[in-house]
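> Sequence first, predicted model second:
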Amino acid sequence: MKPQGSRVRDNPFEDTNLKDAYLIPRSIMAEPDYIEDDNPELIRPQKLVNPVKMSRNHQDLHRELLMNQKRGLAPQNKPELQKVMEKRKRDQVIKQKEEAAQKKKSDFEIELLKRQQKLEQLELENQKLQEEQENAPEFVKVKGNLRRTGQEVAQAQES
């Protein structure tokens, strides 16, 4: 029920002055009939809200991309090889920083490390001696026992 004098254009390309009808694009989809009816009982469909587009992060990113596009800065599309090489370089720098931090140990830590190394060496030597004694033939063990008893007897007689 629209007045005939004030017709609203549905299509922005529609122009009454055009002579050729084939230039006017027609809409492919049929228009819904609830637009014409002003029945208040009908529930009109509403456009669904996209939660991604409504998120603050998405809006900020979109705003930043638009500003960069206006300035002429395109997002950096680097080749895959260049990305990998940059990642390796970053990892190498991080590793060097960690090593430098380890090198800057206090005197106390250095002394603790030295003592730990000495204890480990003593333990290894003790293990080697025990293995040699276990692997030695029977007569070598008996000879060692006789030497010890002989030395003990000599010390007892001297004192």
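Noted; the coordinates are in hand.

> switch to C-alpha atoms for all contacts and neighbour counts from now on
OK.

> Point out where the chain drops to low pLDDT.
1-27, 32-37, 74-76 (pLDDT under 70).

> what helix or strand is the residue positioned nearest the centre of it on?
When Cα atoms, centre = their mean is applied to the chain, the residue found nearest the centroid is K87 (11.8 Å). Assigned by DSSP states H and E, K87 belongs to helix 80-103.

> Report the distance from that helix to the chain centre.
Distance, stretch centre to chain centre, for helix 80-103: 15 Å (Cα atoms, centre = their mean, to the nearest Å).

> and the angle from whatever helix or strand comes next after it to helix 80-103?
Downstream of helix 80-103, the next assigned helix or strand under DSSP H and E is helix 107-135. Put simply, helix 107-135 runs at 90 degrees to helix 80-103, going by axes from the mean of the first three to the mean of the last three Cα atoms, to 10 degrees.

> other SSEs contacting helix 107-135?
Packed against helix 107-135 by the contact rule (3 or more Cα pairs under 8 Å, 6 or more residues apart in numbering; DSSP states H and E) you find no helix or strand.

> How far away from the center of its chain is it?
Relative to its parent chain, helix 107-135 has a centroid offset of 41 Å by Cα atoms, centre = their mean.

> and the next element down the chain from it?
Past helix 107-135, the next helix or strand by DSSP H and E is helix 138-158.

> by how many degrees do that following helix and helix 107-135 diverge?
Going by the same axes, to 10 degrees, helix 138-158 makes 110 degrees with helix 107-135.

> any residues touching the helix holding K87, and which ones?
For helix 80-103, there are no surrounding residues in contact (Cα atoms under 8 Å, 6 or more residues apart in numbering).

> do you know how far H58 is from R88?
30 Å (Cα to Cα, to the nearest Å).

> hang on, I meant L119
Separation of L119 from R88 (Cα to Cα) stands at 39 Å.
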